[in-house]
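Q: I'll drop the sequence and a predicted model, then ask my questions.
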Amino acid sequence: RFPSGTASQDFLRFAPPPPDQDPSHWSPQETLLLLEGLSLFQENWQQVAEHVGTKRPHQCIQHFLQLPIEDPYLEEMELSITPPASNLASASAPASGAMQPPP
């Protein structure tokens, strides 16, 4: 309860900022600038942030750590586990002269 004599003018309403003004929001252009900055400046986060232009170094680090990463080793491992389709077809069809189970 609020004290008597309190009016709605005594309070401020806070709303979350729109996505384009939210500092944690990254546009596709900003992400592209981040990746470009990393290729140019390696791990010099101050220069990377200056290249992005709209984010601070700690925001660049945090966003980079949250980006999805493709691991070529995982792709190679998946390829070696999954047999090619041609092997599957030949494995299911009996070779000529192979023993057939009795009917």
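A: It's in.

Q: Next, work out how far apart residue 65 and residue 4 are.
A: Distance from residue 65 to residue 4, counting by Cβ to Cβ, to the nearest Å: 52 Å. The C-beta positions use only the backbone N, C-alpha and C, and glycine is treated the same way.

Q: so who does residue 49 touch?
A: Counting by Cβ atoms under 8 Å, 6 or more residues apart in numbering, residue 49 makes contact with 37, 55-57, 59-60.

Q: again, but for residue 33
A: Residue 33 touches 51-53, counting by Cβ under 8 Å, 6+ apart.

Q: hang on, the earlier thing: settle it for me: which of residue 65 and residue 4 has more neighbours?
A: More neighbours surround residue 65 than the other of residue 65 and residue 4, with 8 against 5 (other Cβ atoms under 10 Å).

Q: quick one: which helix or strand includes the more buried one?
A: In this structure, residue 65 sits in helix 57-66 according to DSSP states H and E.
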